[in-house]
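# Following is a predicted model, sequence given first.
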Amino acid sequence: MSYQYKAIEINKNIQNSNGLISNYNNLGNYYTSEDAELALHYYQEAEKLLPKNQKGIKAAIIKMNIGIIFSDHNSEYYNYDSANYYFLSSLESFQAIKDSGNIASLYHNLGVLYEEKEHFKDGIDSYHKAITINKMLDNKSTLAKTYMGLGNIYLKQNEYSKSLEYFQKSLELAEILGDEYKKINVYTNIIKAKMGIGAIEDASILFTKYNKLRDSLFDHEKMQEIKNLEMKYETAIKEAEIEKQQFAIAEKNFQKNLFLGLSLVLILLIISTVWFFLQKQEYLKKLKNEEISNMKREQELKELNAMMHGQEEERNRIASDLHDRLGARLSSIKLLFQSEQNKTSSNFNYKLLDNVNEAIKEVREISHNLSTDMLTRFGLETALHDMIKTINETEQIQAELSVYGLQERLPLEIERNVYHIALELINNTIKHAQANTITLQISQADHEINLFYEDDGIGFDIQNVVDSGMGMRSIYARVNTINGAVYFNSKPNKGINVVLTIPVNETQVENKKDKNSYNSKMA
């Protein structure tokens, strides 16, 4: 940096414009990742020195660099029109000197710019031009990024099949290059596209690959971090040894009285430093304890509010079931008794018995929905199998349940919320979807629980239901309670797909096992 500034002073003295342009561009390159304001300032200083209408390599590079700053969506200098202008100006200059590599890069940058602005047609055109040139240059790295960009545009337009085609090409190139970070990004988008076309099982398989790759990258980064710490530690030890030797040599040169005086001062300094340190630690400890106490109180209030809210919604749902289902059935029985014509009819006893049986069935279903005894005693898997069996016995809809990897009991809070979420989804399907089949899959991989649910019903507009449906709000509330994430995918006449992910750590499972052991002893 110091030599760049010295070069600027020399080039100013000898009025060397070309040299100054290079100096300012180099400074802009240095500050690009550190200070966008300074980077833009030096690029613009270089731009001022360019001859008018020049289309050489320096003009092309400087305009491209300015366009990159204006195209950064996370920067305060983001400006679509300015970025577009500088990219097109730079493209014209590179075309004039026939620089194919930079032309391909600019077409890719323009594609990204148009994609963010949702000018999808222009974005697709720019990406295809970049692909054509990069294929000719055999530039696999840039090709992988451009295929990813094309796939993103088609994904945003819900053209899932086309997006999968380009994501697959990007994945193949990432595997050839051995770029694990590109692969993990491609996996994320392929999962979204697979969900879009309803390929839940493929999405689940890719999700497992994504988790394994993410964990391996995390482990690699941790190992590198440990190595860096070890290097710093060894360097610190060597420096300490050198300082110790230097101090020992200097110590021999001091006179005895001076040494004793300095030692006394040093002892007093150490004592005062230790005292100050201990006082500071005690103060910090008190602050930490107060902070923890406040956090616990806030968490307890949040949990209490969530519990009260959940209980209120459960009461409303029970009231609705009693009024809409059992109430309507009892009303019809009452009308049968009040009708003299029915009493004399030969079908009266049959109708009465049929309605009483249906009322009993309604009471059993409502009671089954209220009961958590089976869930508490036997766990999530057994409770879900019992629920699916009850649904299939009605012979109105065919339900299928698959469970993978649930080897240990989960915390009761997680089991209860997962059970009620599944129950809410099934109730919504039975009441509104006019579906023939229901598929429910629960799996556990590493420290995550995944729930996949789908039916072949009439579907719905997700936004309208989320804004107005009590059932959907209840699902979101339960998901938030257990720190999970849920994704709904549905369209009219296309059924519904739901993916639920819940983190589960080893401490929770161990605590649950200890609690079950204690309950067994008490029983």
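That came in fine, so what should we check first?
# now the strands for the protein?
398-404, 437-445, 448-455, 485-490, 496-503 (DSSP state E).
# of those, which approaches residue 204 most closely?
strand 448-455 (6.3 Å; C-beta to C-beta). For the C-beta atoms, the positions are set from N, CA and C on the backbone; glycine is no exception.
# Make a markdown table out of the strands of the chain and add mean pLDDT, distance to residue 96 and mean neighbour count.
Output for these, formatted as a markdown table (pLDDT from 0 to 100; distance: least, C-beta to C-beta, whole Å; neighbours: other C-beta atoms under 10 Å):
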| stretch | mean pLDDT | distance to residue 96 | mean neighbour count |
| --- | --- | --- | --- |
| strand 398-404 | 93 | 60 | 14 |
| strand 437-445 | 92 | 55 | 18 |
| strand 448-455 | 93 | 54 | 21 |
| strand 485-490 | 90 | 48 | 17 |
| strand 496-503 | 93 | 51 | 20 |
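# Tell me which of these lies nearest to residue 243.
That would be strand 496-503 among those, by C-beta to C-beta, at 47.0 Å.
# Residue 177 reaches residue 142, doesn't it?
No - the criterion here is C-beta atoms under 8 Å, and residue 177 misses it with residue 142 at 10.8 Å.
# Looking at those two, which is more packed in?
The neighbour comparison of residue 177 against residue 142 (other C-beta atoms under 10 Å) goes to residue 142, with 19 against 14.
# Let me see the contact set for the closest residue to the more buried one other than its chain neighbours.
Using C-beta to C-beta, 6 or more residues apart in numbering and skipping residues adjacent in sequence, the residue nearest residue 142 is residue 134, 5.1 Å away. Each residue near residue 134 by C-beta atoms under 8 Å, 6 or more residues apart in numbering is listed here: 104, 142, 143, 146.
# so what's the residue lying closest to the first one once chain neighbours are set aside up against?
Excluding the flanking residues, the one nearest residue 104 by C-beta to C-beta, 6+ apart is residue 133, at 3.9 Å. Each residue near residue 133 by C-beta under 8 Å, 6+ apart is listed here: 100, 103, 104, 107.
# same thing but 10 Å
Taking C-beta atoms under 10 Å, 6 or more residues apart in numbering, we find residue 133 in contact with 100-108, 139, 142-143, 146.
# Is it possible to mark the buried ones in these?
Neighbour counting by 16 or more other C-beta atoms under 10 Å classes 102, 103, 104, 105, 106, 107, 108, 139, 142, 143, 146 among the contacts of residue 133 as buried.
# so of the residues you listed, which ones are in helices?
102, 103, 104, 105, 106, 107, 108, 142, 143, 146 (DSSP state H).
# just checking, the last one touches residue 110?
Looking back up the chat, that one is residue 146. No - the criterion here is C-beta atoms under 10 Å, and residue 146 misses it with residue 110 at 11.1 Å.
# overlap in contacts of these two?
Joint contacts of residue 146 and residue 110 (C-beta under 10 Å, 6+ apart) are 126, 127, 129, 130.
# Which of the residues you listed fall within helices?
Per DSSP H, the shared contacts of residue 146 and residue 110 map to helices at 126, 127, 129, 130.
# Which pair in these has the greatest spatial separation?
127 and 129, at 7.3 Å, using C-beta to C-beta across those.
# So for these two, which sits in the more crowded spot?
Neighbours per residue (other C-beta under 10 Å) separate residue 127 from residue 129, with residue 127 holding more: 27 against 19.
# how much space between that one and residue 153?
7 Å (C-beta to C-beta, to the nearest Å).
# Overlap of the contact sets of these two?
In contact with both residue 127 and residue 153: 111, 114, 115, 166, using C-beta under 10 Å, 6+ apart.
# now, the most widely separated pair of the residues you listed?
114 and 166 (15.8 Å).
# picking up where we left off before, turn the ones in helices among the buried ones among the contacts of residue 133 into CSV, columns for pLDDT and distance to residue 472.
Formatted as CSV, those follow (pLDDT from 0 to 100; distance: C-beta to C-beta, whole Å):
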residue, pLDDT, distance to residue 472
102, 91, 50
103, 90, 49
104, 90, 46
105, 91, 45
106, 90, 45
107, 91, 43
108, 92, 40
142, 89, 43
143, 91, 42
146, 92, 39
